[in-house]
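[1] Sharing a model that was predicted from the sequence below.
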Amino acid sequence: MNGFTYYSPTKVLFGRGCERNVAAEIRAFGGKKILLVYGGHSAEKSGLLAKVGRALEEAGLAYRSLGGVKPNPRLELAEKGVSLAVEYGADFILAVGGGSVIDTAKAIALGAANPGTNLWDFWLQKAKPEASLPVGVILTISASGSEASEAAVLTNQDTGEKRGLSNELNRPRFAFLDPELTYTLPKYQIACGIVDIMMHTLDRYFTPTEGNELTDEIAEALLRVVIRNGTKALERPDDYQAMSELMWAGSLSHNDLTGLGALKDFAVHQLGHELSAMFDVAHGASLSAVWSSWAHYCYRSKPERFARYARNVWNAAGADTEAAALEGIEKTVAYFKSLNMPIDFSGLGIGVQREETLRELADRCVFRGERKVGSFRVLDRSDVYQIYSLANH
Ligand code: NZQ
Ligand code: ZN
């Protein structure tokens with residue numbers, strides 16, 4: 001086990017209707033003037049926004065709203081939010097929505113606390129944030145884990161970059177997890193969420209680090225629970241039990257617990273981000289579209305790890321290590337198919353790409369040669385190109 005720091009300070013409040021106590025939590029974390037951030041129309045349509053507004057008013061908390069956050073959230077709207085937060089004098093940012101809304105809220109919080117810095121410079125690592133406003137979350141989709149994570153992912157449309165910023169300041173102060181708020185999700189979004197939750201653990205589980213029993217077994221248990229309840233959730237999106245398991249797993253899968261003491265990989269996420277940046281596809285779908293290609297390309301680096309995954313997560317028989325490893329990949333792919341998630345570019349809806357596009361994707365993924373991605377197998381530009389090529393049908 002490698003040395004680690006485990007810092008997961010987000011207060012989690014879980015259960016039916018829990019978000020009715022949002023005002024008390026904001027007060028407890030010092031908020032008096034709130035900027036409420038939300039997405040398209042789902043929270044308006046469900047009545048959640050009106051309920052949250054009433055709760056704030058009844059508690060005597062002043063607030064302004066900023067809606068319109070889109071999936072793969074844009075830098076531009078975050079910058080608008082920073083101006084609004086500064087002008088209003090907001091001292092607390094409340095996100096009502098999913099990963100896109102939460103990441104926008106995190107960006108606004110950073111920008112408002114560092115008004116002299118160009119916001120995108122934080123994402124380019126040209127500037128390091130020293131302060132942030134507190135952020136709270138009412139979660140409406142189990143997927144990104146942003147409600148408990150240190151990351152915030154934004155897209156700069158001018159440059160075609162989708163980048164994540166990891167910083168402890170990004171951890172929300174609290175997260176309300178009410179599984180009933182996810183009943184209105186379209187099945188496609190539920191499925192994208194299941195893939196993303198699995199992938200946050202898989203991108204940690206496939207690591208070169210050896211000898212990490214507890215972390216490995218937590219990861220395997222989480223995957224089994226998500227796989228089982230993912231199927232139930234898609235059959236019945238108002239299955240409280242299934243939606244509860246997904247919601248809690250979503251937070252635990254990305255608060256670092258399932259990869260403690262091990263080197264992270266996250267190559268599949270980096271491959272997926274470039275697809276979302278170029279084609280604006282849903283995050284979860286971008287991941288399943290490349291996972292099979294990544295797995296086939298990389299499993300020989302340590303087939304025993306894939307065999308262990310196959311046996312402990314999928315109950316694979318596998319006569320030997322190689323057979324078990326491949327069986328685990330096949331079962332994962334079959335599961336993605338059962339969720340109606342894509343396993344290649346055609347399924348993702350972007351069609352078969354020309355070679356120059358694949359080269360451009362690969363070039364962007366390695367930041368034009370400035371970095372390599374992954375750790376299970378370290379991938380350079382040529383490896384990334386080969387993986388995209390395998391998914392290109
Ligand atoms: O905008 P509205 O109308 O709310 O609709 C949203 C959106 O269209 C809809 N939705 C959300 N809750 C709903 C609902 N529809 C009906 N009922 C509800 N209860 O779902 C759609 C997707 O929302 P989004 O917030 O984009 O989903 P998700 O939570 O999957 O977030 C994806 C974003 O998070 C980033 C992704 O890259 C992507 O940009 N990630 C953030 C991470 C982090 N900060 O730690 C880690 C992840 O790996 C990921 O990269
Ligand atoms: Zn993700």
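    Good, I have the coordinates. Ligands and ions are numbered 1, 2, ... in the order given.
[2] and stretch 347-361, which residues are buried?
    347-348, 350, 353, 357-361 (16 or more other C-beta atoms under 10 Å). To be clear about C-beta, it is placed using only N, CA and C from the backbone, and glycine gets the same treatment.
[3] if I look at residue 33, how far off is residue 75?
    Between residue 33 and residue 75 the computed distance is 24 Å (C-beta to C-beta, to the nearest Å).
[4] and these two? which has more neighbours close in?
    residue 75 (20 against 14; other C-beta atoms under 10 Å).
[5] contact partners of stretch 278-287?
    Residues outside stretch 278-287 that contact it (C-beta atoms under 8 Å, 6 or more residues apart in numbering): 71-72, 99, 143-144, 160, 188-189, 191-196, 199, 268-269, 271-273, 275-276, 289, 341-342, 348-350, 357, 360-361, 364.
[6] Give me the buried positions along stretch 61-73.
    61, 63, 65-69, 71-73.
[7] For ligand 1, tell me whether that stretch is touching it.
    Yes: among the residues of stretch 61-73, 71-73 lie within reach of ligand 1 under C-beta under 6 Å from any ligand atom.
[8] follow-up on the earlier one: drop anything exposed from the contacts of stretch 278-287.
    71-72, 99, 143-144, 189, 191-196, 199, 268-269, 271-273, 275-276, 289, 341-342, 348, 350, 357, 360-361, 364.
[9] And the residues of stretch 61-73 next to ligand 1, which is closest to residue 322?
    Closest approach to residue 322 among the residues of stretch 61-73 next to ligand 1 (C-beta to C-beta): residue 72, at 37.7 Å.
[10] Would it be right to say that that closest one lies in a helix?
    No: counting by DSSP: H, G, I helix; E, B strand; the rest coil, residue 72 is not part of a helix but coil.
[11] which residues sit in contact with residue 52?
    Applying C-beta under 8 Å, 6+ apart, the residues near residue 52 are 19, 22, 36, 94, 96, 138.
[12] Which parts of whichever strand or helix holds the second one count as buried, going by neighbours?
    Spelled out, it's residue 22. Assessed by DSSP states H and E, residue 22 sits inside helix 22-28. Under the neighbour-count criterion of 16+ other C-beta under 10 Å, helix 22-28 has 22-23, 25-26 buried.
[13] cool, and stretch 88-102?
    So stretch 88-102, judged by 16+ other C-beta under 10 Å, has buried residues 88, 90-102.
[14] Distance across stretch 345-353, terminal residue to terminal residue?
    Its start and end residues considered, stretch 345-353 measures 8 Å (C-alpha to C-alpha, to the nearest Å).
[15] Next: stretch 250-264.
    End-to-end distance for stretch 250-264: 17 Å, by C-alpha to C-alpha.
[16] Counting neighbours, which bits of that stretch end up buried?
    Result for stretch 250-264 [16+ other C-beta under 10 Å]: buried residues 250-262, 264.
[17] contacts for that stretch?
    Residues contacting stretch 250-264 (C-beta under 8 Å, 6+ apart): 1-4, 6, 8, 10, 12, 142-151, 175, 177, 193, 196-198, 200-201, 203-205, 207-209, 212, 215, 218-219, 222, 226, 375.
[18] tell me what whichever strand or helix holds residue 334 is packed against?
    Assignment of secondary structure by DSSP H and E places residue 334 within helix 321-338. Judged by 3 or more C-beta pairs under 8 Å, 6 or more residues apart in numbering; DSSP states H and E, the packing partners of helix 321-338 are helix 213-235, helix 283-298, helix 303-314.
[19] now the helix or strand following it: how far from the chain's centre is it?
    Beyond helix 321-338 in the direction of the C-terminus, DSSP H and E gives the next helix or strand as helix 345-348. Remark: helix 345-348 is offset 20 Å from the chain centroid, using C-alpha atoms, centre = their mean, to the nearest Å.
[20] on that earlier part again, of all the helices and strands packed on helix 321-338, which one is nearest ligand 1?
    Ligand 1 sits nearest to helix 283-298 of all the helices and strands packed on helix 321-338, at 3.7 Å, using C-beta to the nearest ligand atom.
[21] TSV for the contacts of residue 52, including secondary structure, pLDDT and distance to residue 297?
    Formatted as TSV, the contacts of residue 52 follow (DSSP: H, G, I helix; E, B strand; the rest coil; pLDDT from 0 to 100; distance: C-beta to C-beta, whole Å):
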residue	secondary structure	pLDDT	distance to residue 297
19	helix	98	43
22	helix	98	45
36	strand	98	44
94	strand	98	42
96	strand	98	40
138	strand	98	40
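[22] The residues you listed: which two are farthest apart?
    Among those, 19 and 36 lie farthest apart (C-beta to C-beta), at 12.4 Å.
[23] and this structure, which residues reach ligand 1?
    39-43, 71-73, 97-101, 103, 140-141, 143-146, 149, 151-153, 181-182, 184-185, 189, 192-193, 196, 254, 269, 283.
[24] Narrow the residues you listed to those in helices?
    Mapping those onto helices (DSSP state H) picks out 42-43, 99-101, 103, 189, 192-193, 196, 269, 283.
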